[in-house]
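Colleague: Okay, sequence plus prediction incoming.
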Amino acid sequence: MPYTTATAVDRPRLADELTSRLDALAAAHQVPGAQLAVDTGSQVITWHTGLADAATATPFTADTAVPLGSLTKPYTAAAVLLLAEDGDLDLDDPVAEHLPELRALPAVTVRQLLSHTAGLPSGPDSDTAAGTTRAHYLARACAPDELLFDPGTDFSYSNAGYVAAGHLVAAVTGMEWAEALRVLLLDPLGTVPAVLGGPVRRALAGGHAVNTASGELRPARQNLAPAEAPAGALLASAVDLMVFGRALAGRSEVLPPAVADLLRTVEPAAGPSALADGWGPGLAAYRTAGPTWYGHDGNAQGTSCHLRIEPVSGLVVAFTGNAGAATALWRDVAAELARFTGRPVPATVPAARRGPGVPLPESAGRYRNGGTEYLVATGPDGSPTLSVDGDLPLPLRCYPDLSCDLVDPDSGLLQAGGGFRRDPAGGAIDRLQISGRTARRVS
């Protein structure tokens, strides 16, 4: 990794140690390049290492913008809340008052869109969505027979909800989503705008995947459909994310304190999932032994980006990496950061690890979220397995409260999974939530 720099305000020895460690971790995980930015509230340290494009040997710089994937969503949410702060809409407005595409769902509110509690499915995959307009996308994904649960009663992470939120921004401002985001947020933050498929005004990093046969890195094509832009089209650097994180922590005039507080306010229906311990209208919450952290993760094709904010101390941590393996790199980097921050940085939600599993034969059946089908089967002892769209089944470890973890069939290690839900009226299991997505039982 020949292209490495470190800058630090104070703690130069620790900065050098962390820089060296980041280089070693990036090499070990076969991640071509990565960026890290940390703001403690009184000090700033930034690192970048490696290559923005392995094929051309273009070096990463502090300003290189990386496809953020779902880390675009907090930006879209912040834009909606700024419009609400100006009185252009109310978070408890029915979305149908602003978007005719959702007129068949009159109970869905703006707040529910942003906190993933509207009951909307995830939405079609990007290849399926390519070539369709946002209006057509929403008319299909937000049909009443696609609802996963009554709006405001549960949580299911939804790209479709943020496509609707971006369409709402466009409808209220009279500008396209990307232009409105620039005016409302990016320019005030000092971030040079970069959107997938848009004009290039800064250095960009490409995503990478590893060829499983040869072990060589290869470019990963970004296939996000234009209609999905509000859910995942932004590119930014770790420094850009850190600056945005300051605003989310209430340390910038760009977001009024009331807006920053609201973005971090956990909605009652958005309970713990495999993704986070709770969700507000824009940010996930990560509960630790100390103050609660907030943030979001994002994965584009061959990239992995992460933002964490602890508003009590003002601590902000931002990371970008341009390979799929950068998610594992992020977990290792977050563990290393404890030496600098003095407290653990929550990289993921841990698995439940609540002792032996219990049989759950009544969970067997088919469940559906939009076009994705989940098949739960149970063995002779009642222990369930999960298959998604026909993939090889994975064992589930279920617990008496209906929560569950995924079990790695090779190592036996547990990964946070989710859980089952009962119909409040009849008591039968009627929903499965896995990796933050809820699926309803189908006959």
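Modeller: Yep, that arrived. Numbering: from 1, shown residues only.
Colleague: C-alpha from now on. contacts and neighbour counts both.
Modeller: OK.
Colleague: And the helices in this structure?
Modeller: Ranges of helices in the chain, per DSSP state H, are 12-28, 72-85, 110-114, 126-129, 134-141, 159-173, 177-181, 187-189, 229-232, 238-248, 257-263, 326-341.
Colleague: Can you list the helices and strands that the second one packs against?
Modeller: Secondary structure elements in contact with helix 72-85, counted by 3 or more CA pairs under 8 Å, 6 or more residues apart in numbering; DSSP states H and E, are helix 159-173, helix 177-181, helix 229-232, helix 257-263.
Colleague: all strands for the stretch 251-400 of the chain, in order.
Modeller: 278-279, 284-286, 293-298, 304-310, 315-321, 365-369, 372-378, 384-388, 394-398 (DSSP state E, counting those that start in this stretch).
Colleague: pretty sure Val38 is touching Glu310, no?
Modeller: No: using CA atoms under 8 Å, Val38 is not in contact with Glu310, being 11.6 Å away.
Colleague: between these two, what contacts are shared?
Modeller: Here Val38 and Glu310 have Val316 as joint contacts, going by CA atoms under 8 Å, 6 or more residues apart in numbering.
Colleague: lowest confidence element among the helices and strands of the protein?
Modeller: When each helix and strand of the chain is scored by mean pLDDT, DSSP states H and E, strand 4-8 comes last, with a mean of 42.
Colleague: Burial check on Gln153, number of neighbours?
Modeller: Slight slip there: residue 153 is Thr, not Gln. Neighbour count for Thr153, taken as other CA atoms under 10 Å: 13.
Colleague: Next one: the closest residue to it other than its chain neighbours relative to Gly206, how far apart?
Modeller: Once flanking residues are discounted, Thr153 sits nearest to Ala269: 5.3 Å by CA to CA, 6 or more residues apart in numbering. As for Ala269, its distance to Gly206 is 37 Å (criterion: CA to CA, to the nearest Å).
Colleague: now do Phe155
Modeller: Distance, Phe155 to Gly206, by CA to CA: 32 Å.
Colleague: show me the contacts for Ala141.
Modeller: Leu120, Pro121, Gly123, Pro124, Ala160, Gly370.
Colleague: can I assume the first one is in contact with Ser156?
Modeller: Yes: with contact defined as CA under 8 Å, Leu120 and Ser156 form a contacting pair (7.3 Å).
Colleague: coming back round to it: so between Ala269 and Gly206, which is more surrounded?
Modeller: Between Ala269 and Gly206, counting by other CA under 10 Å, Gly206 is the more crowded of the two (25 against 19).
Colleague: Let me know whether that one touches Ala55 as I believe.
Modeller: No: in this structure Gly206 lies outside contact range of Ala55 using CA under 8 Å: 9.8 Å.
Colleague: so the residue nearest the centre of the chain bridges to which residues?
Modeller: The structure's the chain has its C-alpha centroid closest to Asp297; by CA atoms, centre = their mean the separation is 3.7 Å. Applying DSSP bridges to Asp297 gives these bridge partners: His306.
Colleague: Look at it and report its pLDDT.
Modeller: pLDDT, the model's per-residue confidence, is 97 for Asp297.
Colleague: what about it, distance to His29?
Modeller: 19 Å.
Colleague: go on, Ala203?
Modeller: 24 Å.
Colleague: Could you do Ala57 as well?
Modeller: 18 Å.
Colleague: now do Ser403
Modeller: Taken as CA to CA, the span from Ser403 to His29 is 31 Å.
Colleague: and what of Ser42?
Modeller: 31 Å.
Colleague: Any regions of the protein where pLDDT drops low?
Modeller: 1-15 (pLDDT under 70).
Colleague: Centroid-wise, who is the farthest residue in it?
Modeller: Computed with CA atoms, centre = their mean, the maximum C-alpha offset from the centroid of the chain is found at Pro380, amounting to 37.1 Å.
Colleague: neighbour count winner among Ser42 and His29?
Modeller: Under the neighbour definition other CA under 10 Å, Ser42 and His29 were set side by side, and His29 has more, 16 against 10.
Colleague: Pull the contacting residues for the more buried one.
Modeller: Counted by CA under 8 Å, 6+ apart, His29 has contacts Ala325, Ala326, Ala328, Leu329.
Colleague: and the nearest residue to Leu181 once chain neighbours are set aside, what does it touch?
Modeller: Distances taken as CA to CA, 6+ apart place Ala79 nearest to Leu181, at 6.4 Å, with adjacent residues excluded. By CA under 8 Å, 6+ apart, the contact list for Ala79 reads Val169, Leu181, Leu184, Leu185.
Colleague: among those residues, who's most crowded?
Modeller: Neighbour max across the contacts of Ala79 (other CA under 10 Å) = Val169, 25 neighbours.
Colleague: from what I can see that residue touches Ala180, true?
Modeller: Yes: using CA under 8 Å, Val169 makes contact with Ala180 at a distance of 7.2 Å.
Colleague: Quick check: can you list the domain ranges of this structure?
Modeller: 1-349, 361-442 (automatic domain parsing).
Colleague: Please produce TSV containing those domains, extended by distance to Gly355.
Modeller: Output for these, formatted as TSV (distance: least, CA to CA, whole Å):
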stretch	distance to Gly355
domain 1-349	17
domain 361-442	8
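Colleague: Quickly compare the ones you listed and say which is most buried.
Modeller: Comparing the domains of the chain by mean neighbour count (mean count of other CA atoms under 10 Å), domain 1-349 comes out on top with a mean of 20.
Colleague: now it, how far from the centre of its chain.
Modeller: From the chain centre to the centre of domain 1-349 is a distance of 6 Å (CA atoms, centre = their mean, to the nearest Å).
Colleague: Use 179 as the first number from now on
Modeller: Taking 179 as the first residue, the last one we looked at is domain 179-527.
Colleague: how far away is Gly297 from Lys251?
Modeller: Counting by CA to CA, the gap from Gly297 to Lys251 is 17 Å.
Colleague: re the thing from before, greatest separation within the contacts of Ala319: which pair is it?
Modeller: Largest separation among those by CA to CA: Leu298 and Pro302, giving 11.6 Å.
Colleague: Need the CA coordinates for stretch 437-456. PDB is fine.
Modeller: C-alpha atoms of stretch 437-456 as PDB (Å, rounded to 0.1, in the frame of the first residue of the first chain):
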ATOM      1  CA  VAL A 437     -33.700  18.900  13.500                       C
ATOM      2  CA  ALA A 438     -30.600  17.100  14.800                       C
ATOM      3  CA  ASP A 439     -32.400  15.900  17.900                       C
ATOM      4  CA  LEU A 440     -35.400  14.600  15.900                       C
ATOM      5  CA  LEU A 441     -33.200  12.700  13.500                       C
ATOM      6  CA  ARG A 442     -31.900  10.800  16.500                       C
ATOM      7  CA  THR A 443     -35.200  10.300  18.300                       C
ATOM      8  CA  VAL A 444     -36.100   6.600  18.300                       C
ATOM      9  CA  GLU A 445     -39.600   5.700  17.100                       C
ATOM     10  CA  PRO A 446     -41.500   3.400  19.500                       C
ATOM     11  CA  ALA A 447     -42.400   1.000  16.700                       C
ATOM     12  CA  ALA A 448     -38.800   0.800  15.400                       C
ATOM     13  CA  GLY A 449     -37.500  -1.600  18.000                       C
ATOM     14  CA  PRO A 450     -34.300  -3.600  18.100                       C
ATOM     15  CA  SER A 451     -33.400  -5.500  14.900                       C
ATOM     16  CA  ALA A 452     -30.300  -7.100  13.500                       C
ATOM     17  CA  LEU A 453     -29.300  -3.700  12.000                       C
ATOM     18  CA  ALA A 454     -29.500  -1.600  15.200                       C
ATOM     19  CA  ASP A 455     -31.100  -1.200  18.600                       C
ATOM     20  CA  GLY A 456     -33.700   1.300  17.300                       C
END
